[in-house]
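**Q** I would like the atomic coordinates for the input below:
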Amino acid sequence: MEKPISDDKKTKEIKMPALSVDAQSVDETVSADVAAPKKQAGTAKKSSATASTAEKSAGAKTRKPSEKSLEKPKKKDGNAPPATAKASTRKPLKAVKKPEKALSVAEEGGLEPVLSPEPKRRRNADEPLYEYKGSMGGGITLTAYLGESSVVDVPATVDGKPVTGLKKTFQDLPFIEYVTVPQGVTDIGVHTFAGCIALKEVLLPDSVSYIGAEAFAQCFSLNRIDLPDAVTYIGDWAFLRCRYLRSVRLPSNLEVLGVGVFAECSSLLAPVLPDKLSAVSNGAFSGCRSIAEITLPASVTEISDYAFYGCAALEAVNMEDSIKMIGKRAFSGCQVLNSVVIPSGIKEIKAETFWGCSNLVAVVLPESMERIGDFAFSHCWTLRAINIPQSVIHVGSFAFSHCKSLVTVVIPDSVSAIGAEAFWGCRPLRSVAIPDSVTEIGDYAFDGVRRFTIRCNPNSYAETYAREHKIRYERI
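**A** Numbering: from 1, shown residues only. Prediction:
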């Protein structure tokens, strides 16, 4: 079991790619050797004479030194005795190699680190404005913009060849503000606008069908963007940390959202998800702190891990019964989420799915439910009642721990195991009826519950557990 957050430190964050930084001009290696001090003749003798003179002048009472300490160090092979300081045994520092290039924004979440070279500049006006390479179908992909204008109209052709794609074209150019992409371009490739911190507007043509990984990552000034309907795929972390992005028009034909595609877009308001979308990907809207409500279309069958993690303003989630899986921590930290109706096809609430939803009052679990995972509803402080369906066989460790308002729990006779500390700290809970089907109860399952009583049948496992753990019980 993955051990979740401790009770004292309940802050979890999904790991995001590291921010792009400029490489520092540093030496290739740093090394140091610590050598032994040189031997100096007469050091011990001079030191002894100085100490003696100081004692006489001060007239202070001092302990008489032993004869052994006053003995003169013997010379060896005519050399002076060694200095009082011992030669250092410290090993030389290992050479530390410094990176020559800046790291890309992608470091985690399934992406490999990519070295980002310094932006190129043309040396004189006779040099071309763009670098490019050939692509399939006879077109070309622009790989670098060498100009210095803040307003750019990307040409439809370069050297007589049609432009069909952009890739890293404007990456890390801090002066770019407005870009118009011509008709005919189909691919906005990896890192095309990544790190363009002043970028305010990008106009994309209807021909664009692909948005690559980190294409607009860290475009801090981007406020809105309309994605053409031809786009079917948006790559991983495509709009990562676009902090002032408020409005996104998603394509009607969109089928796949990449990992963390809108992660930490803290100003983003709820986008309308298209009817062809099949899944809300891992961390897709994590850290989107301005989304208040989200409606998932019937085409969505999966809500992946961390999908809405830390959406602090999310009050309502509208889900269809087509959803068959909700990932771990999918709604963790949604502090104002008030109520949830779990779709009928869900069989498991995974670990920490609703952890820290401190304003969650009501939860409706479907009859298809089989397992409630570890920490699934932990720290849901306002949750007052939970009705566990007849289909559930396992209640995980810490599943309802720290539910400070929990008063009523109904455990059906389908349940066979209750995990450790499952109801730890549920102070208002006064009693729970445990059926004979329960054959395993973890340690401290009901600790921190005042004046608590287990209601059970005679000679049942629950009665044995109550006696062994010195919990008050009542036969039914």
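**Q** okay but Y244 is in contact with L268, surely?
**A** No. With contacts defined as C-beta atoms under 8 Å, Y244 does not count as touching L268, sitting 9.4 Å away. Just so you know, the C-beta spots here come from the backbone N, C-alpha and C atoms, and that holds for glycine as well.
**Q** Look at these two and report which has more neighbours.
**A** L268 (23 against 15; other C-beta atoms under 10 Å).
**Q** which ones are touching that one?
**A** Residues near L268 by C-beta atoms under 8 Å, 6 or more residues apart in numbering: C242, L245, R246, S247, V248, F262, F285, C288, S290, I291.
**Q** which of those are buried?
**A** Among those, those buried by neighbour count (16 or more other C-beta atoms under 10 Å) are C242, L245, V248, F262, F285, C288, I291.
**Q** farthest-separated two in these?
**A** C242 and I291 (14.0 Å; C-beta to C-beta).
**Q** Leaving out the residues flanking it, which one is nearest to S286?
**A** Excluding the flanking residues, the one nearest S286 by C-beta to C-beta, 6 or more residues apart in numbering is Y309, at 4.1 Å.
**Q** The one you found: neighbour count?
**A** Y309 has 28 neighbouring residues, counting by other C-beta under 10 Å.
**Q** pretty sure V410 is touching N387, no?
**A** Yes. Assessed by C-beta under 8 Å, V410 is found in contact with N387 at 4.9 Å.
**Q** quick one: the closest residue to G448 other than its chain neighbours from P182, how far?
**A** Distances taken as C-beta to C-beta, 6+ apart place G425 nearest to G448, at 4.0 Å, with adjacent residues excluded. For G425, the distance to P182 equals 61 Å [C-beta to C-beta, to the nearest Å].
**Q** Between the two, which is the more surrounded one?
**A** Taking neighbours as other C-beta under 10 Å, G425 and P182 compare with G425 leading, 21 against 15.
**Q** Verify the stated contact: that one with R450.
**A** No. Contact criterion C-beta under 8 Å: G425 and R450 do not qualify, at 10.4 Å.
**Q** Worst mean pLDDT across the helices and strands of the chain, which element?
**A** strand 102-103 (a mean of 33; mean pLDDT, DSSP states H and E).
**Q** Point out where the chain drops to low pLDDT.
**A** Along the chain, segments meeting pLDDT under 70 span 1-126.
**Q** got the domain boundaries for it?
**A** 102-268, 338-476 (automatic domain parsing).
**Q** about what we covered before: residues contacting the residue nearest to S286?
**A** If you count contacts by C-beta under 8 Å, 6+ apart, then Y309 has K12, I14, G283, S286, G287, R329, A330, F331, S332, G333 around it.
**Q** Mind doing that once more with 10 Å?
**A** By C-beta atoms under 10 Å, 6 or more residues apart in numbering, Y309 lies in contact with 12-14, 263, 282-288, 327-334, 352, 355-356.
**Q** PyMOL command for the buried members of those?
**A** For the buried members of the contacts of Y309, the matching PyMOL selection, counting by 16+ other C-beta under 10 Å, is:
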select buried, resi 12+14+263+282+283+284+285+286+287+288+327+328+329+330+331+332+333+334+352+355+356
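**Q** Please narrow the contacts of Y309 to those residing in strands.
**A** Using DSSP state E, no member of the contacts of Y309 sits in strands.
**Q** Angles on the backbone of Y461, please.
**A** With angles defined as degrees, to the nearest 10, Y461 sits at phi -60, psi -40.
**Q** measure the spatially closest residue to it that is not a sequence neighbour to G137 for me?
**A** Spatially, and ignoring its direct neighbours in sequence, Y461 is nearest to T439 (5.2 Å; C-beta to C-beta, 6+ apart). Computed as C-beta to C-beta, the T439 to G137 distance reads 65 Å.
**Q** Have a look at the two and say which one is more surrounded.
**A** T439 (13 against 9).
**Q** Would you agree the more buried one is in contact with I393?
**A** No. Applying C-beta atoms under 10 Å as the test, T439 and I393 come out as separate, 11.0 Å apart.
**Q** Can you check which residues contact both of those two?
**A** Joint contacts of T439 and I393 (C-beta under 10 Å, 6+ apart) are V415, S416, A417.
**Q** Just the buried residues of those residues.
**A** Using 16+ other C-beta under 10 Å as the burial test, the shared contacts of T439 and I393 include V415, A417 as buried.
**Q** nearest to I188, of the shared contacts of T439 and I393?
**A** Looking across those and measuring by C-beta to C-beta, the closest to I188 is A417, at 50.5 Å.
**Q** Please report phi then psi for the residue lying closest to that closest one once chain neighbours are set aside.
**A** Excluding the flanking residues, the one nearest A417 by C-beta to C-beta, 6+ apart is E440, at 4.2 Å. Dihedral angles phi and psi of E440 (degrees, to the nearest 10) take the values phi -150, psi 130.
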